[in-house]
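Engineer: Sequence plus predicted model, see below.
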There are 2 protein chains.
Amino acid sequence: MKMDSEHLEILSVIVEKGGLTEGAEALGKSQPSVSRSMALLEDRIGMPLFEPGRRPLRPTELGATLARLGARIRAANQEASLLVRRFRQGLAGRLRVGGSPIFMDGVVATMIAEFQSRHADVQIDQSYGYLDTLEAGLRNGGLDVAILPLHSSQVPPDMDFAPLLSGNNVIACRAGHPLTRARGITLADIAPFAWIAPPANSPLYRDLQRALKSIGQEDFRVNFSGGTLASIQSVLAGSDALTVLPYSVVFLSRRTVPLETLPLKIDHPDRQLGVLTMAERQGPPAVRQFNAFLQAECERLQARMDHEQQVTRRRG
Amino acid sequence: MKMDSEHLEILSVIVEKGGLTEGAEALGKSQPSVSRSMALLEDRIGMPLFEPGRRPLRPTELGATLARLGARIRAANQEASLLVRRFRQGLAGRLRVGGSPIFMDGVVATMIAEFQSRHADVQIDQSYGYLDTLEAGLRNGGLDVAILPLHSSQVPPDMDFAPLLSGNNVIACRAGHPLTRARGITLADIAPFAWIAPPANSPLYRDLQRALKSIGQEDFRVNFSGGTLASIQSVLAGSDALTVLPYSVVFLSRRTVPLETLPLKIDHPDRQLGVLTMAERQGPPAVRQFNAFLQAECERLQARMDHEQQVTRRRG
DNA sequence: CCATCTTCATAGCGAAAAGCGATATAATAT
DNA sequence: ATATTATATCGCTTTTCGCTATGAAGATGG
């Protein structure tokens, strides 16, 4: 014998408030309405919920016990309402974000921290991957957003790509590296130094190949590879090795790691770092909030980077 | 924004069963019905509960979270149904029973133990009092049943009185008391012995006065008064004092306390021990169960007492 | 890649319920 | 006794619920 949860909730309010009239007011309903609801409930269970013939309506033992259960139901319901409200505002939910490792670690992670502080109940699942993996993740619903460097021609037709930052790569080295003292760097200057290579299947690795080829160095010596950004930073800072990194990563890393960029023009790929999402599915509000947040943060970052480059250019 | 608890319950079943069709079946409803309920819920909260365009219907993050809350609601609802069922059968509830102290302690308490073993979840609140207190208790709803000795003329018009046992009083003494050896007891025989008196305002006290008057003894010496049955039994068993008790109390007490009754005919009041209840209000099932139980137990007790008296009479 | 199967959504309709205001009735207070 | 307050009932409309029938859209298997 299933009973109406709504009725139990009404009962709990009536018992709590101590009367039909007050209960009805608290519920935002008319007194006759709740009266009839209770009459219906009493009919269904076939037992009185209130002591008969008492004017300050007093619940029977059964009524009081059911009212307690009604209160439990009401609490769950209110929690549900609250949850929905927070969800709508993007303050709750789950956000599955995947992206290329270096950029995720070097740029996005710092922004996620800030995002979390404003949207405390958004759970973020971060994962790493390159275009094919991320694309599949978006398609099968395992991923809400993907963050990676992409050229507009590579964007699948059923997806949207929102650029965040220019994809400029630079050659990075430790601060105080011998090469940073040279004025005009030549191929011969960099030839002696070993290289730190990103994972062999990463776009960044291909960028490295291409960059070196563009300045005439076909062959290069790799002394470290396969590490995530944290390892790369450590090796970079502790040796005279060189590597190729997105400028944005170097820019942000310098807050904690003493790095510099070599004033060497390399051929950087015609790509932008950006956010790839499914076109139709605009996702839960938390996703939209996150995308908007990333956009804003990256704009600020881009401005700071542009400013610094002007200063550097004036000086150098 | 209040949401329909019923919808949350349906959602929880659907998520649990893994599909609309199976969920509908589990709920005993048609598939279109639950489909529409979910559509309605989605409209109200303005967000999707299920991933769009997926055939083995999969809930969104929000849907899954709400489903958990729905499961909580459903559990409370089921508990309520169970409670009602138990209540209807008189297996749960609260029973407030008041009565005259001696009879409650000596007879009713032994029966309550048996009742509790069959109706485990009936909580019994016992209290003591005489006619006026008990009547008031019944009237103001503080008491479900009252158990006391009453003459039919004393029954208030708005109440019912169900007799349980004849109200015969006897003079009780310890087993092996000097008087029990005498054949025909005279006034002179009992004159030397002191009396244990029930509380001065109790009917039993008036019975004592009346009984002694009926056998010619106007004046009597009281050496113990004011105790409950347990005390009276102890004093009785440990001294040569006499007292007046309902025969049923003496009968049952003999299982644990060595008592006898004097073969002295006393004028016993024209009353019966019985159950007084409000006429209209037939109370919750637990109350009815209890009344019926008392009735049956007392009938058995009466039969045993009648049997014993025949035996005694034949022997004596 | 097409046929088919399963699963879900929609339409249409009758019954039940929930909502309201007006009003009757009953219990307490004065 | 009368006034007051609290609850129950009535008549009515709107919303929701339930069903059957049917359409649409993945998933499946050749």
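Structural biologist: Here it is on my side, so go on.
Engineer: Dump stretch A:118-127 to CSV, keeping only the CA atoms.
Structural biologist: This file holds the C-alpha atoms of stretch A:118-127, laid out as CSV (Å, rounded to 0.1, in the frame of the first residue of the first chain):
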residue,chain,number,x,y,z
ARG,A,118,34.6,30.2,-6.7
HIS,A,119,32.6,27.0,-7.5
ALA,A,120,33.4,24.8,-4.5
ASP,A,121,31.0,22.0,-5.3
VAL,A,122,32.1,21.4,-8.9
GLN,A,123,34.1,18.2,-9.0
ILE,A,124,36.8,18.3,-11.7
ASP,A,125,38.1,15.1,-13.3
GLN,A,126,41.2,15.9,-15.2
SER,A,127,42.7,13.6,-17.8
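Engineer: tell me the average confidence for it?
Structural biologist: Here stretch A:118-127 scores 88 as its mean pLDDT.
Engineer: buried ones in it?
Structural biologist: For stretch A:118-127, burial by neighbour count (16 or more other CB atoms under 10 Å in any protein chain shown) applies to A:119, A:122, A:124, A:127. (Glycine included, C-beta is placed from N, CA and C.)
Engineer: Repeat that for stretch A:255-270.
Structural biologist: A:257, A:259-264, A:266, A:268-269.
Engineer: do stretch A:267-282 as well
Structural biologist: A:268-269, A:271-278, A:281.
Engineer: So which residue of chain A lies furthest out from the middle?
Structural biologist: Going by CA atoms, centre = their mean, the residue of chain A most distant from its centre is A:G53, 60.7 Å out.
Engineer: wait, does the host helix or strand of A:L66 contact DNA strand C?
Structural biologist: Assigned by DSSP states H and E, A:L66 belongs to helix A:61-88. No - Helix A:61-88 lies apart from DNA strand C when judged by CB under 7 Å from any atom of the strand; the minimum separation is 13.4 Å.
Engineer: Please flag which of the buried residues of stretch A:255-270 sit within strands.
Structural biologist: Cross-referencing these against strands under DSSP state E gives A:259-261.
Engineer: What is the nearest of the residues you listed to chain B?
Structural biologist: Chain B lies nearest to A:L259 out of these, by CB to the nearest CB, at 38.8 Å.
Engineer: Surely the closest one and A:R174 touch.
Structural biologist: Yes - A:L259 is within contact range of A:R174, at 6.4 Å (criterion: CB atoms under 8 Å).
Engineer: Pull out the buried residues from the helix holding A:L66.
Structural biologist: By 16+ other CB under 10 Å, the buried positions in helix A:61-88 come out as A:61-77, A:80, A:83-84, A:86-88.
Engineer: So which elements touch the lengthiest helix in chain A?
Structural biologist: Assignment by DSSP state H gives helix A:285-315 as the longest helix of chain A. Contact analysis of helix A:285-315 by 3 or more CB pairs under 8 Å, 6 or more residues apart in numbering or on different chains; DSSP states H and E lists helix A:61-88, strand A:92-99, helix A:109-118, strand A:121-128, strand A:145-150, strand A:159-166, helix A:247-253, strand A:272-278 as its packing neighbours.
Engineer: Of all those, which one is nearest DNA strand D?
Structural biologist: Smallest distance to DNA strand D across the helices and strands packed on helix A:285-315 (CB to the nearest atom of the strand): 11.4 Å, for helix A:61-88.
Engineer: chain center to that closest one, what's the gap?
Structural biologist: Its chain's C-alpha centre and that of helix A:61-88 lie 31 Å apart, by CA atoms, centre = their mean, to the nearest Å.
Engineer: So is it next to DNA strand D?
Structural biologist: No - applying CB under 7 Å from any atom of the strand, one finds helix A:61-88 separated from DNA strand D by no less than 11.4 Å.
Engineer: got any residues that touch both of A:L259 and A:R174?
Structural biologist: A:236-237 (CB atoms under 8 Å, 6 or more residues apart in numbering or on different chains).
Engineer: and A:T186, how many residues sit next to it?
Structural biologist: 11 (other CB atoms under 10 Å in any protein chain shown).
Engineer: For DNA strand D, what's its nearest residue on the stretch 51-200 of chain A.
Structural biologist: A:L57 (3.2 Å).
Engineer: shaky segments in chain A?
Structural biologist: Low-confidence segments of chain A, defined by pLDDT under 70: A:268, A:280-282, A:312-316.
Engineer: Please list the residues of it that sit near chain B.
Structural biologist: Neighbours of chain B within chain A, by CB under 8 Å from any CB of the partner chain: A:1-6, A:8-9, A:45-47, A:51-52, A:54, A:58, A:60-62, A:65-66, A:69-70, A:72-73, A:76-77, A:79-81, A:83-85, A:87-88, A:93-94, A:141, A:281, A:284-285.
Engineer: circling back to that earlier point, now the helices and strands packed on helix A:285-315 in TSV, with distance to A:L41?
Structural biologist: Shown next, in TSV, are the helices and strands packed on helix A:285-315 (distance: least, CB to CB, whole Å):
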stretch	distance to A:L41
helix A:61-88	8
strand A:92-99	34
helix A:109-118	45
strand A:121-128	36
strand A:145-150	48
strand A:159-166	52
helix A:247-253	62
strand A:272-278	47
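Engineer: Of the ones you listed, which is nearest B:K29?
Structural biologist: helix A:61-88 (20.0 Å; CB to CB).
Engineer: pretty sure A:G46 contacts B:F87?
Structural biologist: No - between A:G46 and B:F87 there is no contact under CB under 8 Å: 9.8 Å.
Engineer: mind giving me the domain split of chain A?
Structural biologist: Annotated domains of chain A cover A:5-88, A:92-167+A:271-315, A:169-261 [automatic domain parsing].
Engineer: For chain A, give the residue positioned nearest to chain B.
Structural biologist: For chain A, CB to the nearest CB, closest residue to chain B: A:S5, 3.9 Å.
Engineer: Contacts only, for that residue.
Structural biologist: Contacts of A:S5 (CB under 8 Å, 6+ apart): A:70, A:73, B:5-6, B:9, B:73, B:76-77.
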